[in-house]
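Student: okay, predicted coordinates and the sequence, questions at the end:
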Amino acid sequence: MNTTPAADNRNPAPASATPATATTVTGLKAERRTDGPFVATAQPRLSWKTVTAAADWVQQRTEIELVEGEGSADGRTAMLEGAASVFVAWPFEPLKPRQSVRVRVRVTGTDGGASEWSDPLMITAGFLGDGEWVARMIGAADPAEPAQPALLRHEFDVAREVRRATLYATAHGVYQAELNGTPVDDEILKPGWTSYQFRLIHETTDVAALLTPGRNAIGLSLAGGWYTEKFGFMDAAAHFYGEQPAAAAQLVLEYADGTIETVATDGSWRATAGPITTSGIYAGESYDATRELPGWSTQGFDDSGWSAVRNDGEAPRPEARTSPAVRAIEERAVERVITTPSGATILDFGQNLVGRLRIRVPEGERGQRLTLRHAEVLENGELGTRPLRNAAATDHYTLAGPGSRPGGGAWEPQFTFHGFRYAQIDGWPGDLDPTDVTAVVIHSDMPRTGWFESSSELVNRLHENVVWGMRGNFLSLPTDCPQRDERLGWTGDIQVFSPTASFLYDSDAFLASWLRDLALEQRAAGGVVPFIVPAVLGGFGGAAAAWGDAATVVPWVLYERFGDLEVLRAQYESMRSWVDTVLEIAGERHLWEGQFQFGDWLDPDAAPDSPADAKTDSDIVASAYLFRSASIVAQAAALLGAADDAEHYTREADAVRAAFQREYVTDAGRMISDAQTAYGLGIMFGLARDEAERHAMGDRLAFLVRSAGYRIGTGFVGTPLVTDALTATGHLDVAARLILQTECPSWLYPVTMGATTVWERWDSMLPDGSINPGEMTSFNHYALGAVADWLHRSVAGLGPAESGYRALEVAPHPLPGLAHARAELETAYGHAAAGWRRGDDGTLTIEAVVPPNSTARVTLPGAASPITVGSGTHAWVVADAAPALRPGPVSLGTPLADIIDDPEAYEALWRTIASHSEEAADRFRAKTKWKPGHPLASALFQLPQEARASIDTALAELNARRAS
C-alpha cells in the first residue's frame with residue numbers, strides 16, 4: 001500500500017497543455033538544482049521550457065528580466081537572440097553572497113508569437129564570500145563512547161529588526177539544526193557524504209521566520225554518520241576519517257539598518273549527550289526516551305549541567321551545496337503481518353526500500369526496550385540477515401513510561417538508514433497494531449523524469465524494480481547497495497548505470513557533485529581513479545577498467561543526456577588524466593593487459609565466491625574500455641576547443657583499436673573470448689574493422705545467446721551492451737527472447753521470485769527460496785538494471801540525437817512478444833514521448849511527442865532512412881514486419897536449436913521432464929546447449945525410457961493441437 005506516493009512529474013503532452021496558439025514559459029531554473037532558491041555560483045546558468053500547441057515551434061528570441069530583492073519593481077532586461085534555452089549563460093552582473101533576485105523569461109518564436117512573462121524565479125546566492133567563514137568545528141568535550149551523538153546549543157540576542165537571516169552549517173558527521181525549538185528544514189543526514197578531507201559542503205538556509213525579537217536559541221543535534229563509520233570488509237573495518245563527530249555553523253543576521261552580525265560555533269557553546277545514545281550508518285540507532293530534554297533548543301533552557309564543547313579549531317572552508325538534499329520522499333504502510341516459525345513478529349511492507357521506520361510510541365513500562373531489525377528478504381520463514389554481514393541494521397527505542405508522551409507521539413531514527421522490505425519488531429508492549437508502524441522512504445530529492453510501460457507486466461515490474469533500485473542507492477552519493485556493511489560509491493556500478501539514471505531522474509546535479517569528489521580522490525592517487533569514491537578502503541585500490549572509466553563515461557553521459565557542457569569542462573582534467581594513466585600502463589603495445597581487473601564482474605557462470613571469474617577475458621574488457629575512454633576524451637576535447645588534444649586522443653584511440661583487433665579478433669570476426677560480453681564490447685564500442693565484421697560479431701553473439709537457451713551470460717560490463725548489440729546487428733528476435741526469458745539467469749527470473757528491486761547477482765535468491773551462499777549477496781543493486789536504457793532508447797525508441805535532447809532520436813524496435821511499448825521523458829525542452837502499438841490488421845502505429853524548440857530524427861521500422869519532424873504530436877502507421885510464428889511439427893528428431901526457438905515445444909518438453917523429476921528438468925534447462933544439427937533425442941539419452949516416451953507423447957499432442 002503506497003500511502004503517500006512520490007510525485008509524478010509528467011507534464012501533459014504539448015498538444016493538450018494549453019489553448020491553441022498560446023505559448024507559455026515553464027520550468028525556469030537556475031543551474032542544476034530544482035529543490036530551493038539557493039545557488040552555489042555567482043553566475044548561475046538559466047534553463048526554461050516552452051509549452052505551446054503551435055507545431056514546429058522554435059524559439060527565436062528571449063528576454064530575461066532581473067529584479068533585485070523581493071519587493072522591488074526596478075529591473076533590468078537582457079535580450080538574447082537564438083534558440084538557446086538550456087544552461088544559458090547568466091547575462092547580468094555576478095551575484096554577491098546572500099543577494100536575492102527575481103528572474104523571469106519571455107520568449108518569441110520564429111512564427112512571431114510571443115509568450116507572456118514566466119512566473120518569477122527567486123534566486124539567492126547561497127555561497128559565502130572570501131573570509132566570511134569563521135565557524136569552528138565543535139563537539140562533545142568528553143564523549144563516553146566512540147562516535148558519541150551529542151546536542152550542542154547556544155543563546156544569542158536579536159536586538160533590531162532583521163532584514164535577512166541565513167544559516168550556514170556543516171559537520172564532520174551528520175546533523176540537524178534547530179532554532180527556538182523548530183528544525184530549520186526537512187533535510188536528512190546533512191551535509192551528506194563527500195571526500196571530507198578534500199571537500200566539505202554546507203547547507204544554506206533562510207531562517208528569518210524562526211527568529212523572535214530578543215533572546216533566541218540555536219541547537220545542533222549531531223551524530224557520526226559516515227564520518228565516524230568503520231569502513232572495510234569484515235574484521236578489517238576501521239575508522240577512516242575520525243572517531244568523534246563535530247559540527248560548524250554560523251548564522252548571519254542582516255539588520256534593516258544595514259549592519260551585519262554573525263553568530264558562529266565557538267568555545268562558548270554548550271554540549272551534552274541527548275536521548276540518541278548510539279548511532280551508526282551500519283549499526284542503526286538507539287534512542288532512550290528517558291533521557292529526553294524537552295525545550296533544549298529554546299531560549300531560557302537550563303543548560304547549567306551541560307559541559308563546555310570540544311573545539312576542533314578552524315574547519316576547512318566548506319562550499320555551498322550543489323547536489324539535491326536527502327529527504328523523506330514517500331511513506332508505505334504495512335501490507336502483511338507475519339508470525340515466523342520461531343514466533344517472531346515481522347512486518348512486510350511489500351517493497352524493498354531504503355529508509356527507516358516511524359513508530360507511534362506505545363504505552364509501556366519505563367525502561368522497556370523495543371527492537372527494530374531490518375532485512376530485505378526472508379529465509380526459511382525468518383528474517384534473512386546473513387547478507388547484511390557486519391551491519392546490525394537494528395534500531396532500539398527505550399520507553400519513558402506511561403504518560404510520558406500524551407497522545408502517544410511518534411519516533412523514527414534521525415541519523416541512520418536501512419535497506420529493507422521486512423522489519424522484525426521485538427519487545428512491543430501488548431498487541432501490535434500494524435497502523436502504528438510506517439516505512440519512511442528516503443533518498444536524494446531528484447525530480448522523476450522518465451517512465452516506461454509495455455504490454456508485459458513482467459517487463460513493467462522489472463522496470464519498476466530498476467526505479468526502486470536507483471531510489472535506494474542514490475542517497476547522497478551513488479552506492480552499490482543500501483543494506484550491508486558496504487554502501488559505498490563503487491565507480492563501476494554507476495559507470496554502467498548512468499545512462500539509465502539520467503533518464504529516470506534529473507540526476508545531473510547529483511552526479512556532477514559526486515564527480516567533484518572523484519576528481520579530488522583521483523588527483524590524490526596520482527591519476528588513478530579509486531574503485532570507490534569517496535575512497536575509504538585504505539590500500540584496497542588501483543587502476544581497474546570499467547570502474548576507473550567512470551571518470552570519462554559519467555561526464556559524457558551528463559553532457560549527452562542533459563546538455564551540460566560545463567560538466568565536461570569541470571571534469572576534463574580528470575578525464576584526460578585517467579586516459580593518460582592507462583595509456584602509460586598499456587605502453588607501446590597499446591593494450592591494457594596482465595593486471596588485476598574486476599572484469600565482467602558477476603558473470604552468471606562464476607562460482608559464488610569467485611565473482612571475477614568471467615567467460616570474457618579481463619584483458620579484453622580493459623583494452624576495450626581504454627579505447628572507449630580515449631575516444632570520449634577526444635570528443636570532449638573537440639567540444640571544448642582543445643584541437644590538439646582532440647587530435648592526440650583520436651590517434652591514441654585508433655592505435656588501441658588496431659592493437660585490439662590484432663590481438664583479440666580473428667579475420668572471421670570471432671573474438672578470442674567466445675562469450676556474450678566480448679561481442680557486446682566489440683559491437684557497441686566500435687571495435688570491429690568494418691560493418692561486415694560487426695555483423696559477423698552480431699551473428700556469433702546471437703548464436704551464443706541461442707545456444708544458452710536465451711539466458712543471459714553477462715556480468716556488470718556486458719549486461720548494458722548485449723541487447724543493444726543484438727538489436728544493432730539485426731537480431732531483434734534474439735534480444736526479445738533474452739529480455740522476456742524467465743528462467744535463471746535472466747532479468748525476469750528475480751521478478752518471478754517476487755523481487756521488487758534489482759539484485760546484485762542473477763541468482764541472489766535460488767529457485768528453492770534460499771539465499772545465494774556467496775559472501776556477497778545484495779537484493780538491491782542497480783547495475784544489472786542498466787538494461788532499462790535499452791528499453792527506453794531502443795524498444796520504445798526515445799533517445800537523444802543531440803546533447804540534452806535538443807533533437808530526439810525516435811527509432812522504435814517493436815519486440816516480438818510485446819503488443820505495445822512506450823517511453824516518456826521530461827527533457828530539458830519539455831515533455832517527450834515515443835512508442836508503438838501493434839494492430840489486429842498487421843500494422844504498427846508509431847507515436848512521438850516532440851517538445852517545443854526541439855526536433856526529432858525519426859526512423860520508422862523498415863524505413864531505409866530517417867525523417868526529421870518538428871515539435872508536436874506525430875503518428876505513423878506502417879506494416880508490421882514481425883514474422884508470424886508458424887512452427888512446424890516437432891519430434892525427438894527435431895534439432896535442439898529448433899526446439900529452443902519454439903517456446904511451446906520447449907515448455908512442453910521441460911514440463912514433461914519435470915513431471916518425472918524436477919531435478920532432471922532443472923539440470924536439462926541449465927546444461928543443454930541448444931545448437932543446430934543436434935537432434936533433441938541426443939540430449940535425452942540420460943533420461944529413463946519412461947520419461948523419453950512421455951516426451952514423445954507430449955510433442956505428438958502438441959502437434960495435434962496445432963494441426964486442429
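Tutor: That came through, no problem. Numbers count the residues shown, from 1 in each chain.
Student: you'd agree residue 558 is up against residue 514?
Tutor: No: look at residue 558 against residue 514 with C-beta atoms under 8 Å: they stay out of range, at 10.7 Å. Every C-beta, even on glycine, is put in place using the N, C-alpha and C of the backbone.
Student: was I right to think residue 947 contacts residue 916?
Tutor: Yes: between residue 947 and residue 916 there is a contact at 4.4 Å, judged by C-beta under 8 Å.
Student: rewinding a little: between residue 558 and residue 514, which one's more packed in?
Tutor: Neighbours per residue (other C-beta atoms under 10 Å) separate residue 558 from residue 514, with residue 558 holding more: 29 against 25.
Student: the more buried one in helix, strand or coil?
Tutor: Of the three states, residue 558 takes helix under DSSP: H, G, I helix; E, B strand; the rest coil.
Student: can you check the one 10 residues further on too?
Tutor: State at residue 568, reduced to three classes by three-state DSSP: helix.
Student: that one contacts residue 636, correct?
Tutor: Yes: taking contacts as C-beta under 8 Å, residue 568 lies within contact range of residue 636: 4.9 Å.
Student: the more surrounded of those two?
Tutor: Counted by other C-beta under 10 Å, residue 568 and residue 636 do not tie: residue 636 has more neighbours, with 25 against 22.
Student: show me where the stretch 351-500 of the chain has helices.
Tutor: Shown for the stretch 351-500 of the chain, the helices assigned by DSSP state H, counting those that start in this stretch span residues 457-473, 491-504.
Student: most packed of these?
Tutor: Across the helices of the stretch 351-500 of the chain, averaging neighbours per residue (mean count of other C-beta atoms under 10 Å) puts helix 491-504 on top, at a mean of 27.
Student: quick one: list the elements packing against that helix.
Tutor: helix 457-473, strand 477-478, helix 508-524, helix 550-562, helix 788-790 (3 or more C-beta pairs under 8 Å, 6 or more residues apart in numbering; DSSP states H and E).
Student: show residues contacting the fourth one.
Tutor: In this case it means helix 550-562. Helix 550-562 is contacted from outside by 491-492, 494-495, 498-499, 502-503, 506, 508, 511-512, 515, 518-519, 522, 529, 564-565, 567-568, 570-571, 574-575, 577-579, 628-629, 632-633, 635-636, 639, 800, 803-805, 828, using C-beta atoms under 8 Å, 6 or more residues apart in numbering.
Student: repeat that with 7 Å
Tutor: Applying C-beta atoms under 7 Å, 6 or more residues apart in numbering, the contact partners of helix 550-562 are 491-492, 494-495, 498-499, 502, 508, 511-512, 515, 518, 522, 529, 564-565, 567-568, 571, 574-575, 578-579, 629, 632-633, 636, 800, 803-804, 828.
Student: which ones are touching the residue nearest to the spatial centre of the chain?
Tutor: When C-alpha atoms, centre = their mean is applied to the chain, the residue found nearest the centroid is residue 470 (3.6 Å). The contact partners of residue 470, by C-beta under 7 Å, 6+ apart, come to 501, 504-505, 782.
Student: neighbours around the nearest residue to it once chain neighbours are set aside, how many?
Tutor: Distances taken as C-beta to C-beta, 6 or more residues apart in numbering put residue 782 closest to residue 470, at 5.4 Å, once the chain neighbours are dropped. Residue 782 has 31 neighbouring residues, counting by other C-beta under 10 Å.
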